[in-house]
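Engineer: Predicted model and sequence follow; I will ask about them next.
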Amino acid sequence: MADGENGFVENGEGGDARQKAELVVRDLCVKWKSQFAAKKKEWDQDPRWPAKCVETTFKLYGQEFSLGPADIGLSSDPWDQGFMESVKGIMRDDLEKEGATNVRRYGFLD
């Protein structure tokens with residue numbers, strides 16, 4: 001769930017680990033906005049399903065994060081949330097490559 005200016009919510013103690021984790025998450029969000037642009041255009045032409053309450057939570061360097069549609073350049077529209085559901089596997093793989101653990105993906109199909 002996006003919150004504040006940084007585009008994501010983080011919990012836990014501060015310090016170097018938090019700063020490093022935030023940088024990795026920001027870089028991934030920028031990557032996904034670009035990487036998913038073409039897929040999103042295809043989705044908009046033929047959307048598969050609407051969804052709601054879509055988010056991905058994980059821990060990175062001991063810090064907890066929660067990402068929602070706004071974090072990857074989408075709106076909270078149910079069809080945009082459905083799109084995020086469709087790319088959640090890519091997001092999980094990228095997060096795990098960066099060392100994320102406890103990657104959980106939530107959402108409800110409408």
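Structural biologist: That came in fine, so what should we check first? Numbers count the residues shown, from 1 in each chain.

Engineer: Who are the contact partners of Asp94?
Structural biologist: Contact analysis of Asp94 by CB atoms under 8 Å, 6 or more residues apart in numbering lists 28, 31-32. The C-beta positions use only the backbone N, C-alpha and C, and glycine is treated the same way.

Engineer: The same query, at a cut-off of 10 Å, please.
Structural biologist: Shown in contact with Asp94 (CB atoms under 10 Å, 6 or more residues apart in numbering): 24, 27-28, 31-32, 35, 100, 103.

Engineer: In strands, which of the residues you listed appear?
Structural biologist: Val103 (DSSP state E).

Engineer: okay if I get the contacts of Asp94 as CSV plus pLDDT, neighbour count and distance to Pro47?
Structural biologist: Output for those, formatted as CSV (pLDDT from 0 to 100; neighbours: other CB atoms under 10 Å; distance: CB to CB, whole Å):
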residue, pLDDT, neighbour count, distance to Pro47
Val24, 96, 19, 30
Asp27, 96, 12, 28
Leu28, 97, 21, 24
Lys31, 96, 12, 23
Trp32, 96, 20, 18
Gln35, 95, 16, 19
Ala100, 96, 23, 28
Val103, 96, 18, 25
